[in-house]
Structures are given as structure tokens and as C-alpha cells.
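*Asks:* prediction below, plus the sequence it came from.
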Amino acid sequence: MNTTTVSIDGMTCGHCVNAVTEEIEALDGVQGVAVELVKGGISTATVTSTHPIDEATISEAVAEAGYTVVGNNA
């Protein structure tokens, strides 16, 4: 089991959380996504997967949802 945590800018509501979660869950090997929403600040997404997923791949998924990864905490 692998865990990666990324910081995401621009999220403000539950819809944002759902959009990001849906895009990340679509990645190959992802088993779970836990998003901690910080309205008006930097939110975090913790991704659990069967194999390591690089930050660039997660960043692309987050961008598809309309948000920006600003750092990797893992």
C-alpha cells in the first residue's frame, strides 16, 4: 500500500472535493482518496494506491477537476 499527500489550491466547497476525488479515483491503482478541505486556503488530498503514483500524474488529475497542486507533502 502506497500513500501520497498533495496540497491543492482553489478548493472552496463540497463540490470541489467531489470533483477532485472523482478525477483522482479514476487513476490506475488508486484505492482511496481522502480530501481535507480548507476553504480559501490550501487543502490536502491523501491518495492510497496499490503502487506509487507520481505527483505529476496526480497533478494532471487535479487540473482536470479545475484546481492546482501546489506541493507534495509525502
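*Replies:* Everything's here; your move. The structure displayed is predicted, hence computed values, not measured ones.
*Asks:* next, count neighbours for E64.
*Replies:* 14 (other Cβ atoms under 10 Å). For the C-beta atoms, the positions are set from N, CA and C on the backbone; glycine is no exception.
*Asks:* and if you look at I42?
*Replies:* 13.
*Asks:* helix, strand or coil for the nearest residue to it once chain neighbours are set aside?
*Replies:* Excluding its sequence neighbours, the residue lying closest to I42 (Cβ to Cβ, 6 or more residues apart in numbering) is S7, at 4.8 Å. Per DSSP: H, G, I helix; E, B strand; the rest coil, the local secondary structure of S7 is strand.
*Asks:* residues in contact with L27?
*Replies:* Residues in contact with L27 (Cβ atoms under 8 Å, 6 or more residues apart in numbering) are 47, 49, 53, 57-58, 61.
*Asks:* which other helices and strands contact the longest helix seen in the chain?
*Replies:* As assigned by DSSP state H, the longest helix anywhere in the chain is helix 14-25. When contacts are defined as 3 or more Cβ pairs under 8 Å, 6 or more residues apart in numbering; DSSP states H and E, helix 14-25 sits against strand 30-36, strand 42-49, helix 55-64.
*Asks:* okay, and the beta partners of the residue nearest the centre of the chain?
*Replies:* For the chain, A45 is the residue whose C-alpha lies nearest the centre (Cα atoms, centre = their mean; 4.1 Å). As for beta bridges, A45 partners with V6, V35 under DSSP bridges.
*Asks:* quickly note the distance from G40 to C13.
*Replies:* 11 Å (Cβ to Cβ, to the nearest Å).
*Asks:* do E22 as well
*Replies:* 14 Å.
*Asks:* if you count what's nearby, which of those two comes out ahead?
*Replies:* A side-by-side neighbour count of E22 and C13, using other Cβ under 10 Å, places E22 first with 13 against 10.
*Asks:* just checking, the more buried one touches E64?
*Replies:* No: using Cβ atoms under 8 Å as the test, E22 is too far from E64 to be in contact (9.3 Å).
*Asks:* and A26, what is it in contact with?
*Replies:* A61.
*Asks:* next one: the one 10 residues further on
*Replies:* With contact taken as Cβ under 8 Å, 6+ apart, E36 is in contact with 43-46.
*Asks:* cool, thanks, talk later.
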